[in-house]
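Trainee: My questions concern the predicted model and sequence given below.
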Protein chains: 2
Amino acid sequence: MSVELRALQALTLWHDVSLELVRDEDIDLSLRQMAILLTIYLDTPPHTVRGLARKLGVTKPVITRALDSMGKLDLVSRRRDDQDRRNVIVQRTVKGALAVERLGDIVVAKALTLRP
Amino acid sequence: MSVELRALQALTLWHDVSLELVRDEDIDLSLRQMAILLTIYLDTPPHTVRGLARKLGVTKPVITRALDSMGKLDLVSRRRDDQDRRNVIVQRTVKGALAVERLGDIVVAKALTLRP
DNA sequence: CGATATGAATACGGGTCCGTAACGACTGCC
DNA sequence: GGCAGTCGTTACGGACCCGTATTCATATCG
């Protein structure tokens, strides 16, 4: 019974946040882009294209393109690794940090409405 | 400080579940499709195309196409409303219920790994 | 040095999704 | 019965994303 409740609450939370994100004009990222963005901001650096691809279970071009589009939005930035110039280091930005923070606020806000 | 922790936990949860969904072969739904699916299975029926469009803040064709693709996967089904044959009633399916249940399991499982 | 390997980016063909606009089916009111 | 209004679907053009294969730059090893 308590397990049933947990599952329903978890689903409701996921639903509420998804709905909020779909409605939101500002944040329009695909699930993959969001996973990439959060990995960059939550996991310990450094992050490379190949490393992200492995972690996400997708091909490298997917990461490259996601970084392209998120880079246009100034959510992430790229820099060559000086020690091995084949590598690209993915870096955080102020705008990206704010977006992640905002996402966290949404999740927290929706989570708080669950417990009556 | 406790608020910081909550936000970080919420973000980590969202990240972990997103990552799991991206990696998962079976579930490949966009955020919008997921929001539609969960609305159908969590909110009280009946659900119409127009009603879903209003709730999601998107246009009707978005709902129609999402129902098309999710219908092909047998996650939802459609039926004409006999009382007003202009309406289409969106119905749940066994496979859809299982998919939603599975998503709930994923969220719960990831949530449980947060509390040390 | 040259050969090989590695990392990222790009080219390509195909698929999906979007919003606007138009369309067909249906209802209800005059 | 006809006409305006509603609901869902479809047509269209554009944007985005995918995976495979290729290319370019760099590193490493013989």
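Mentor: Perfect, thanks for sending it. Here the structure is a predicted model, which is why all the values come from computation and not from measurement.

Trainee: which parts of chain A sit against DNA strand D?
Mentor: With Cβ under 7 Å from any atom of the strand as the criterion, chain A comes near DNA strand D at residues A:30, A:32-33, A:58-62, A:65-66, A:69, A:84-86. (C-beta placed from N, C-alpha, C; glycine too.)

Trainee: Specify which member of these is nearest to residue B:106.
Mentor: residue A:32 (16.3 Å; Cβ to Cβ).

Trainee: element containing the closest one?
Mentor: Here residue A:32 sits within helix A:31-42, counting by DSSP states H and E.

Trainee: Put the alpha carbons of that helix into CSV.
Mentor: Extracted C-alpha coordinates of helix A:31-42, given in CSV (Å, rounded to 0.1, in the frame of the first residue of the first chain):
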residue,chain,number,x,y,z
LEU,A,31,14.8,14.6,-23.1
ARG,A,32,18.3,13.8,-24.5
GLN,A,33,19.4,17.4,-24.4
MET,A,34,18.2,17.7,-20.8
ALA,A,35,20.0,14.5,-19.8
ILE,A,36,23.2,15.9,-21.4
LEU,A,37,22.8,19.3,-19.7
LEU,A,38,22.2,17.8,-16.3
THR,A,39,25.1,15.4,-16.7
ILE,A,40,27.4,18.3,-17.4
TYR,A,41,26.1,20.3,-14.4
LEU,A,42,25.8,17.4,-11.9
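
Trainee: tell me which residues of that helix are tucked away?
Mentor: A:31-41 (16 or more other Cβ atoms under 10 Å in any protein chain shown).

Trainee: okay, the residues of chain A next to DNA strand D in a markdown table with secondary structure and pLDDT next?
Mentor: Shown next, in a markdown table, are the residues of chain A next to DNA strand D (DSSP: H, G, I helix; E, B strand; the rest coil; pLDDT from 0 to 100):
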| residue | secondary structure | pLDDT |
| --- | --- | --- |
| A:30 | coil | 91 |
| A:32 | helix | 92 |
| A:33 | helix | 93 |
| A:58 | coil | 93 |
| A:59 | coil | 92 |
| A:60 | helix | 94 |
| A:61 | helix | 95 |
| A:62 | helix | 95 |
| A:65 | helix | 95 |
| A:66 | helix | 95 |
| A:69 | helix | 93 |
| A:84 | coil | 91 |
| A:85 | coil | 91 |
| A:86 | coil | 91 |
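
Trainee: No more questions from me, cheers.
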